[in-house]
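[1] Provided below are the primary sequence and the corresponding predicted coordinates.
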Amino acid sequence: RRGGNVSVFMGPTAEATERKRVADQQAQRIREALAGDGLRLVFQPIASLEGEPGRLLDTHLRMLTGDGSELMAMDFLPVAIEYGLMPAIDEWVMQAAVRQLAESDESGGDDPTLFIRMSNQTLASPDAMLKVWQDAVETQRIRPAQLVFEIGEGQIHDHRSKFAALRQKIIDGQGRLAIDRFGNRHASIGLLSTVEPDFIKLDPAFTRSLESSDDSARRQFAEIIETAQSKGIRTIAEHVEDANAMAQLWQLGINYGQGNHVQSSMTADEPLADN
């Protein structure tokens, strides 16, 4: 009826074509956000349960949309990963974090510390991200330990040689290291001796075990906490949502808590340091 010489895609092929079209559009929006002013940082406080001085903040990323709303990282990072955009995003985050710390230092108050995640793609080639940090330290815009490099435990197990090279560069630069989603593998405790991170962020299964009374999980994490304490490694519990969990964390000897009950997130417009 249409005169021939026409291709019509139906079924799974059509679905795949449409999905690629949508992903292409989102990837382009991410590129435009990187080139323009379309990304911003949000910070969630990590509270000391022992009253330690200083201010620790977890760094999160948002992307602005055309209508002025924001996309959470989980809404656009999967496409960024698919299109190989994570190294550029991680470098942007590091640059923005350095600016925030430098501005905070000029305003006075306590020195804040930012936790910065590193993706698998950047772990494979971290030089650009590291150079932003190293240049900021050399020009005395920040102190080395003000940025904590955060790597997932799964990344370490999957990319041991690449992680070992990164770890050495962080140590040489007097930086600090955190392992997140820690403790849900049989090899977890061994990492505390071989890697010796400054912080571990316990896997969310730990906080859930407090609510569900999962004795097996609690015993597993209790051993991890005890081992970390013996080595001077600071422990952080995430997704803390109520006062009861806070009390249990303190009793177990956890050093820090993070979550909506602890304190809500801050935007990049708010001062990082307590004056």
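    Thanks, I have it. Numbers count the residues shown, from 1 in each chain.
[2] Contacts only, for Glu153.
    Contacts were defined as C-beta atoms under 8 Å, 6 or more residues apart in numbering; by that measure Glu153 touches Ile179, Asp180, Arg181, Phe182, Gly183, Asn184, Arg185, Ser188, Leu191, Asp203. The C-beta positions use only the backbone N, C-alpha and C, and glycine is treated the same way.
[3] Identify the residue nearest it in space, chain neighbours excluded?
    Phe182 (4.9 Å; C-beta to C-beta, 6 or more residues apart in numbering).
[4] Which strand residues bridge the one you found?
    Leu202 (DSSP bridges).
[5] Next, count neighbours for it.
    Look at Phe182: counted by other C-beta atoms under 10 Å, it has 28 neighbours.
[6] wait, isn't it in contact with Leu202?
    Yes. Using C-beta atoms under 8 Å, Phe182 is in contact with Leu202, at 5.8 Å.
[7] re earlier: from the contacts of Glu153, list the buried ones, please.
    By neighbour count, with 16 or more other C-beta atoms under 10 Å, the contacts of Glu153 hold Ile179, Asp180, Arg181, Phe182, Gly183, Asn184, Ser188, Leu191, Asp203 as buried.
[8] from the residues you listed, which has minimum pLDDT?
    When the buried ones among the contacts of Glu153 are compared on pLDDT, Asn184 comes out lowest, with 80.
[9] Which residue, other than its chain neighbours, is closest to that residue?
    Asp203 (4.2 Å).
[10] wait, that neighbour sits on Phe182?
    Yes. Asp203 is within contact range of Phe182, at 6.0 Å (criterion: C-beta under 8 Å).
[11] quick revisit: do you know how far the residue nearest to Glu153 is from Glu138?
    31 Å (C-beta to C-beta, to the nearest Å).
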